[in-house]
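Colleague: Next come a sequence and a model predicted from it.
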2 protein chains.
Amino acid sequence: MQHSMPPLSALRAFEATARLGSVTSAADELSVTHGAISRQLKSLDEHFGVPLFAKAGRGLILTQHGEQLQSGLSEAFAKLRDSCAALKRDVEEAPFTLACPGSLLARWLIPRLDRLHRELPALKLKVVVSETEQPGIQSDASATLAFAEPPWPAEVEVFELLPEQICAVVSPQLMDHIDATKPETLFANKLLYTASRPQAWPQWASAQGLETAQLAQALNEGQGFDHLYYLMEAAVAGLGVAIAPRLLVEDDLKSGRLVAPWGAIETPARLCLWLPKQTNNRRSEPLAEWLKRELGH
Amino acid sequence: MQHSMPPLSALRAFEATARLGSVTSAADELSVTHGAISRQLKSLDEHFGVPLFAKAGRGLILTQHGEQLQSGLSEAFAKLRDSCAALKRDVEEAPFTLACPGSLLARWLIPRLDRLHRELPALKLKVVVSETEQPGIQSDASATLAFAEPPWPAEVEVFELLPEQICAVVSPQLMDHIDATKPETLFANKLLYTASRPQAWPQWASAQGLETAQLAQALNEGQGFDHLYYLMEAAVAGLGVAIAPRLLVEDDLKSGRLVAPWGAIETPARLCLWLPKQTNNRRSEPLAEWLKRELGH
DNA sequence: CTAACAGTTGATTTAAACTCACATGTTGGT
DNA sequence: ACCAACATGTGAGTTTAAATCAACTGTTAG
């Protein structure tokens, strides 16, 4: 039954020509030259073995066979167009779900969410907390915002937004025991950290040239927290020196609730926007652009 | 509204895959490799920005979006296939009209028509008399059978079936005055001919090496007839010597009603089947083959 | 009678589609 | 548990179909 359908592109050319009444306008609609349409029509004539158009003055009119074909094809192509348009619309109007770790969400994204909604209203953004701190794409999210180190897995597309910086922060009330020019004065205080970033203190210490052994002992005496949120509260309360991504403490540094006496160091990690490969980028690109603008102060 | 439809071939690949449930069987149906289908599906995913299939074991199943698309496309493609098949069927089942000059029809084709109908029943042959003796395609005929000399006009396709031979024929009762080894004994009789073939006697005479002057005079004293039918009756009645295509007098020669004392000569003309260029050859080829067989004795 | 228009066509270029061969991942059988 | 058979994905290269360009034929209208 499936024998010898004519080429679909020829049918489309025929349908457009029959509907619009001329080769030239069909060519315009399909964004090709009139010569291309003319050839397609000729190939259809040959396929069916009868002429589908007859010359009429300087234009064409459908033959009887042509009209018969047109009546079926116009419906078929209308349905084709409708089906594609419907799917496309559904996909584009579906909310765009951005997954994001809770700490980043609470301390950076939420304060900017209102502006984001105002500046990109077409995006219909929905934000969810990503269930894992490990970077990776969440199946139900349109994109994931997270810190992660290269190399990236092959199955996702990654926009790099910002190199990660981490800094040691402390309550101003503890600054008595600290010399900003001497990193080792760090050890006068308890070290505070999050369970999800065990490598943060070693990275920082190594960048500052501190001894591994001393650090190990200090970490042993320090305290871990499940979430950055608690860590920050502990630091503000003066329980010790915390290590955290600079981006997430920037507001606290500005307001003076915390101080970063030794500045910040860059890590290999990047703040990234992760996208599933098959996702159409038309929607995520404006978001990526917005994030870049926002992060560039 | 016509913006950015995906490539039709990708939609067809999707529809076949969704309907048959596997890339491989879709590839079989469309006579391509599974790799080709796989690529088309990937391009569709990218076009819509969502996956349309998900992996399920070692096969694929439709996603929700995929099902949405499939429900529309299957109808659209069914309609497409139906429309094409309907037109094709109508064209193929329409009677095949063969135009043919009356003389050829009466003296050669009609006696064989019964066998032709029996051997090519699918052709649904209808025979009509061509209104003009001049070769050329008739607008309402699927094909035309006629004698004609090359070159052929460009707008038709021509099957050459047989070189034309013409011969001088005479009633056996007139053989007394005729010597088969001496063409000039022709002139003992009246020359008979048809109005539609004034060049026949000169061709024959020149091939036999007769004098032009003598022929001209004999022709002047001869008699023309409007149709080959009358010419033959005149020859059988012993009114003189007639000139005619061998093919059309063969039955009379076999039955002894006429004699061709000097044999036959070949002319530049050919018995041909003329086809309009746009006609599908699938139907005319069996006819051409049948004609060739029949003409080869 | 010319200019603008509409479609066709030969020659060439371009881009999409396909194939091949290999890779990955899944299933069922002995 | 492992291997063979199966099903799909993919990089590289090739093939083929489709498009362009430019020239030509025929038509209409001013």
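Modeller: Yep, that arrived. Quick caveat, the model's predicted, so the values are computed rather than measured. Residues are numbered from 1 along each chain as shown, chains lettered A, B, ... in the order given.
Colleague: tell me the secondary structure for A:Ser196?
Modeller: coil (DSSP: H, G, I helix; E, B strand; the rest coil).
Colleague: Equivalent analysis for the one 5 residues further on, please.
Modeller: Secondary structure state of A:Trp201, per three-state DSSP, is helix.
Colleague: show me the contacts for whatever residue of the stretch 101-250 of chain A ends up closest to chain B.
Modeller: Scanning the stretch 101-250 of chain A for the residue nearest chain B gives A:Ser142, at 9.4 Å (criterion: Cβ to the nearest Cβ). The way it works is simple: take the backbone N, C-alpha and C, and place the C-beta from them, glycine included. Going by Cβ atoms under 8 Å, 6 or more residues apart in numbering or on different chains, A:Ser142 touches A:96-98, A:275-276, A:279, A:283-284.
Colleague: burial count for A:Gln68?
Modeller: By the measure other Cβ atoms under 10 Å in any protein chain shown, the count of residues near A:Gln68 is 17.
Colleague: That one and A:Gln203, how far apart?
Modeller: If you measure A:Gln68 against A:Gln203 using Cβ to Cβ, to the nearest Å, the figure is 75 Å.
Colleague: same check, this time on A:Ala54
Modeller: Using Cβ to Cβ, we find A:Ala54 at a distance of 80 Å from A:Gln203.
Colleague: And the two? Which one has more around it.
Modeller: A:Gln203 (17 against 11).
Colleague: Just say helix, strand or coil for the residue lying closest to that one once chain neighbours are set aside.
Modeller: Leaving out its chain neighbours, the residue that sits closest to A:Gln203 by Cβ to Cβ, 6 or more residues apart in numbering or on different chains is A:Thr267, at 5.7 Å. Secondary structure, three-state DSSP: A:Thr267 is strand.
Colleague: Please apply the same query to A:Val50.
Modeller: Per three-state DSSP, A:Val50 ends up coil.
Colleague: repeat for A:Ile243
Modeller: Of the three states, A:Ile243 takes strand according to three-state DSSP.
Colleague: right, and it touches A:Ser196 too?
Modeller: No - assessed by Cβ atoms under 8 Å, A:Ile243 is found out of contact with A:Ser196, at 11.8 Å.
Colleague: neighbour count winner among these two?
Modeller: Using other Cβ under 10 Å as the criterion, A:Ile243 and A:Ser196 rank with A:Ile243 on top: 25 against 17.
Colleague: so the more buried one bridges to which residues?
Modeller: Under the criterion DSSP bridges, A:Ile243 forms beta bridges with A:Ala168.
Colleague: In contact with it, which residues are there?
Modeller: A:166-169, A:191-193, A:197, A:200-201, A:204.
Colleague: how far away is the residue located most distally from the centre of chain A from A:Arg118?
Modeller: Residue distances from the centre of chain A (Cα atoms, centre = their mean) peak at A:Gly57, which lies 56.2 Å from the mean C-alpha position. Using Cβ to Cβ, one gets 58 Å for the distance from A:Gly57 to A:Arg118.
Colleague: okay, now whatever residue of the stretch 51-200 of chain A ends up closest to DNA strand C: neighbour count?
Modeller: The stretch 51-200 of chain A approaches DNA strand C most closely through A:Arg58 (3.8 Å), counting by Cβ to the nearest atom of the strand. Around A:Arg58 there are 6 other residues, counting by other Cβ under 10 Å.
Colleague: and the longest helix for chain A?
Modeller: Ranked by residue count, the top helix of chain A under DSSP state H comes out as helix A:64-93.
Colleague: which stretches of chain A have low pLDDT?
Modeller: A:1-3, A:131-139, A:154-155, A:277-281, A:297 (pLDDT under 70).
Colleague: Map the structural domains onto the sequence of it.
Modeller: As given by automatic domain parsing, the domain ranges for chain A are A:8-90, A:96-162+A:276-295, A:164-269.
Colleague: Would you mind measuring the gap between the ends of the first one?
Modeller: Counting by Cα to Cα, to the nearest Å, you get 26 Å between the two ends of domain A:8-90.
Colleague: quick one: is that domain near DNA strand D?
Modeller: Yes - applying Cβ under 7 Å from any atom of the strand, one finds that domain A:8-90 is in contact with DNA strand D at A:9-10, A:13, A:27, A:30-33, A:35-36, A:39-40, A:43, A:55, A:57-58.
Colleague: Select, from those residues, the two members most distant in space.
Modeller: Pairwise distances across the residues of domain A:8-90 next to DNA strand D (Cβ to Cβ) peak at 27.5 Å, for the pair A:Ser9 and A:Gly57.
Colleague: Alongside DNA strand C, which residues does chain A contribute?
Modeller: A:22-24, A:34-35, A:38-39, A:41-42, A:53, A:55, A:58-60.
Colleague: which among these end up buried?
Modeller: Those of those that meet the buried threshold are A:22-23, A:38, A:41, A:53, A:60, by 16 or more other Cβ atoms under 10 Å in any protein chain shown.
Colleague: ok, so of these, who is nearest B:Ala180?
Modeller: Closest approach between these and B:Ala180, by Cβ to Cβ: A:Phe53, at 59.4 Å.
Colleague: Can you pull the phi and psi angles for the closest one?
Modeller: A:Phe53 adopts backbone torsions of phi -120, psi 150, taken as degrees, to the nearest 10.
Colleague: residues contacting it?
Modeller: Contacts of A:Phe53 by Cβ under 8 Å, 6+ apart are A:17, A:41, A:45, A:60-63, A:66.
Colleague: May I have the beta-bridge partners of A:Arg270?
Modeller: For A:Arg270, the beta-bridge partners are A:Ala148, A:Pro163 (DSSP bridges).
Colleague: Including neighbour count, could the contacts of A:Ile243 go into TSV?
Modeller: Formatted as TSV, these follow (neighbours: other Cβ atoms under 10 Å in any protein chain shown):
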residue	neighbour count
A:Ile166	26
A:Cys167	22
A:Ala168	29
A:Val169	26
A:Leu191	23
A:Leu192	24
A:Tyr193	22
A:Arg197	21
A:Ala200	21
A:Trp201	24
A:Trp204	22
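Colleague: Could you export those to CSV, including columns for distance to A:Asp82?
Modeller: Below are the contacts of A:Ile243 laid out as CSV (distance: Cβ to Cβ, whole Å):
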residue, distance to A:Asp82
A:Ile166, 53
A:Cys167, 56
A:Ala168, 60
A:Val169, 58
A:Leu191, 63
A:Leu192, 60
A:Tyr193, 57
A:Arg197, 51
A:Ala200, 54
A:Trp201, 59
A:Trp204, 59
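Colleague: and which of those residues is nearest to A:Leu87?
Modeller: After measuring the contacts of A:Ile243 against A:Leu87 - Cβ to Cβ - the closest member comes out as A:Arg197, at 41.8 Å.
Colleague: ok, now how distant is the nearest residue to that closest one once chain neighbours are set aside from A:Phe147?
Modeller: Spatially, and ignoring its direct neighbours in sequence, A:Arg197 is nearest to A:Ile243 (7.5 Å; Cβ to Cβ, 6+ apart). Computed with Cβ to Cβ, the distance linking A:Ile243 and A:Phe147 is 13 Å.
Colleague: so which helix or strand takes in the residue in the stretch 1-150 of chain A that DNA strand C sits nearest to?
Modeller: In the stretch 1-150 of chain A, the residue found nearest to DNA strand C is A:Gly35; the distance is 2.9 Å by Cβ to the nearest atom of the strand. Under the criterion of DSSP states H and E, A:Gly35 resides in helix A:34-48.
Colleague: which residues sit against that helix?
Modeller: The contact list for helix A:34-48 (Cβ under 8 Å, 6+ apart) reads A:4, A:6-7, A:9-11, A:13-14, A:16-17, A:23-24, A:26-27, A:30, A:51-53, A:65, A:69, B:87-88, B:91, B:278, B:280.
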